[in-house]
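[1] The sequence and its predicted three-dimensional model are supplied below.
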Amino acid sequence: MNRTKIDEADKDFSQRAKNTIKRIPKGKVATYGQIAALAGSPRGARRVVWLLHSSSLKDKLPWHRVVNKQGEISLARGRGYEIQKQLLMGEGVTFSLDGRIDLDRFLWRPR
DNA sequence: CTCGTGACTCCCG
DNA sequence: TCGGGAGCCACGA
């Protein structure tokens, strides 16, 4: 049967989102909402979460460069937090004492 | 179909 | 600054 435009839109979102994540430069970070917006779904931050859960490993996405809008790692300690922090620090990203990333300095701003 | 869940975000008090 | 509630979207039981 034919695909609907909705199906195409969903597929399109997933592709765009993955491509967007792959475009994040080393040493920079992006927010869930930012990626969703760039992929065409301004309110789809949670879709990005699902995408990472389902494809981060399979598609080798730089998932560690995705943080929440406060510049904080959203993963719980013992469930990826330490790993992500290490990966980011390894790329030169610094954290404040309260565990936040200075987005004025590290947020990726595609042009 | 309804309900629960999640690496989100926004709004209020 | 902090916590709760609601909106958001997709997926699986």
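    Yep, it's here.
[2] check contacts around the residue nearest the centre of chain A.
    Here the mean C-alpha position of chain A is nearest to the C-alpha of residue A:66 (Cα atoms, centre = their mean), at a distance of 3.1 Å. Residue A:66 sits next to A:21, A:24, A:29-32, A:35, A:48, A:52 when contact means Cβ atoms under 8 Å, 6 or more residues apart in numbering. Just so you know, the C-beta spots here come from the backbone N, C-alpha and C atoms, and that holds for glycine as well.
[3] So what's the residue count around residue A:11?
    Using other Cβ atoms under 10 Å, residue A:11 is surrounded by 11 other residues.
[4] repeat for residue A:91
    Other residues close to residue A:91 by other Cβ under 10 Å number 16.
[5] and what of residue A:29?
    What residue A:29 shows, counting by other Cβ under 10 Å, is a neighbour count of 23.
[6] With residue A:38 instead?
    Close neighbours of residue A:38, defined as other Cβ under 10 Å, add up to 18.
[7] And residue A:92, by the same measure?
    For residue A:92, using other Cβ under 10 Å, the count is 10.
[8] Which element, helix or strand, includes residue A:88?
    With secondary structure defined by DSSP states H and E, residue A:88 is part of helix A:81-90.
[9] so what's the nearest residue to residue A:23 once chain neighbours are set aside up against?
    Spatial nearest neighbour of residue A:23, chain neighbours left out: residue A:110 (6.9 Å); criterion: Cβ to Cβ, 6 or more residues apart in numbering. Residue A:110 sits next to A:20, A:23, A:38 when contact means Cβ under 8 Å, 6+ apart.
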